[in-house]
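coordinates only, sequence not included:
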């Protein structure tokens, strides 16, 4: 009850602030006629809602914009895509990260696609890798908006852009595998990477569960167009 009371109290105040105002739109000529897209709003407030979408949607940013969503539990950086219906709509896979109806702050870190190359904060990193995908409540969709397919060479990481191709080496047995960053995680303290079952199996670490690895970036991010 207290949470709802605070939200109702803050609503008129937040709506009066410029950063939560309606987005400015411009017409864009395409082969299919005139469409609308939003200019990027540098920062805005929104109430979290979940919908049947493969990726975050917002009418405050251009397609492909990198945003930071700051909630009460954590801050998540993710690509968002324009949809005129929502101030902020998240895939249901985000239910473990944010509360329904939670008031969050959204900051635009990179506007749209153009002239924005993917950025990888490191080239080589050693750490601990676990695996996920069976019997742990994993959803049908990844944070990148792609379907979650455990039997592909994928992994989750909180730092590298989606689509980054990496070479993973099991430091215990020397086995290597190439995989693509498709999801966010892990969310267990002390772990750096969460591997798809097929990726971990290729490294010989399924039975052990957590293994020491070296991860090398081969290609940073994927082409956005």
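In hand now; what should we look at? Since the structure is predicted, the reported quantities are computational estimates derived from the model, not experimental observations.

going by C-alpha atoms from here, please, whenever you check contacts or count neighbours.
Noted.

what strand or helix carries residue 199?
helix 197-203 (DSSP states H and E).

what's the mean pLDDT across that helix?
Per-residue pLDDT over helix 197-203 has a mean of 97.

now for the helix or strand just after it, which elements pack on it?
Going down the chain from helix 197-203, the next helix or strand is strand 211-219, by DSSP H and E. Using 3 or more Cα pairs under 8 Å, 6 or more residues apart in numbering; DSSP states H and E, the elements in contact with strand 211-219 are strand 124-131, strand 165-170.

hmm, 10 Å instead?
Counting contacts by 3 or more Cα pairs under 10 Å, 6 or more residues apart in numbering; DSSP states H and E, strand 211-219 is packed against strand 124-131, strand 165-170, strand 176-183, strand 193-195, helix 197-203.

quick revisit: give me the contact list for the helix holding residue 199.
Helix 197-203 is contacted from outside by 129-134, 149-155, 168-180, 194-195, 204-211, 213, using Cα atoms under 10 Å, 6 or more residues apart in numbering.

would you map out the domains in the chain?
Domain ranges of the chain: 2-110, 124-219, per automatic domain parsing.

and those, which is most packed in?
Highest mean neighbour count of the domains of the chain: domain 124-219, a mean of 19 (counted as mean count of other Cα atoms under 10 Å).

quick one: terminal-to-terminal distance for that domain?
Domain 124-219 has an end-to-end distance of 12 Å (Cα to Cα, to the nearest Å).

just use 426 as the starting number from now, easier for me
With the count now opening at 426, the last piece we talked about shows up as domain 549-644.

chain center to it, what's the gap?
15 Å (Cα atoms, centre = their mean, to the nearest Å).

check contacts around residue 524.
Listed by Cα under 10 Å, 6+ apart, the contact partners of residue 524 are 472, 473, 474, 475, 496, 497, 498.

let's have these in TSV, adding pLDDT, distance to residue 517 and secondary structure.
As requested, the contacts of residue 524 are exported to TSV (pLDDT from 0 to 100; distance: Cα to Cα, whole Å; DSSP: H, G, I helix; E, B strand; the rest coil):
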residue	pLDDT	distance to residue 517	secondary structure
472	95	15	strand
473	94	11	coil
474	94	9	strand
475	94	6	strand
496	93	16	coil
497	91	18	coil
498	86	16	coil
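
could I get those residues as JSON lines with distance to residue 589?
Shown next, in JSON lines, are the contacts of residue 524 (distance: Cα to Cα, whole Å):
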{"residue": "472", "distance to residue 589": "31"}
{"residue": "473", "distance to residue 589": "28"}
{"residue": "474", "distance to residue 589": "29"}
{"residue": "475", "distance to residue 589": "27"}
{"residue": "496", "distance to residue 589": "26"}
{"residue": "497", "distance to residue 589": "29"}
{"residue": "498", "distance to residue 589": "27"}
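
give me the pLDDT for residue 432.
We note a pLDDT of 44 for residue 432 in this prediction.
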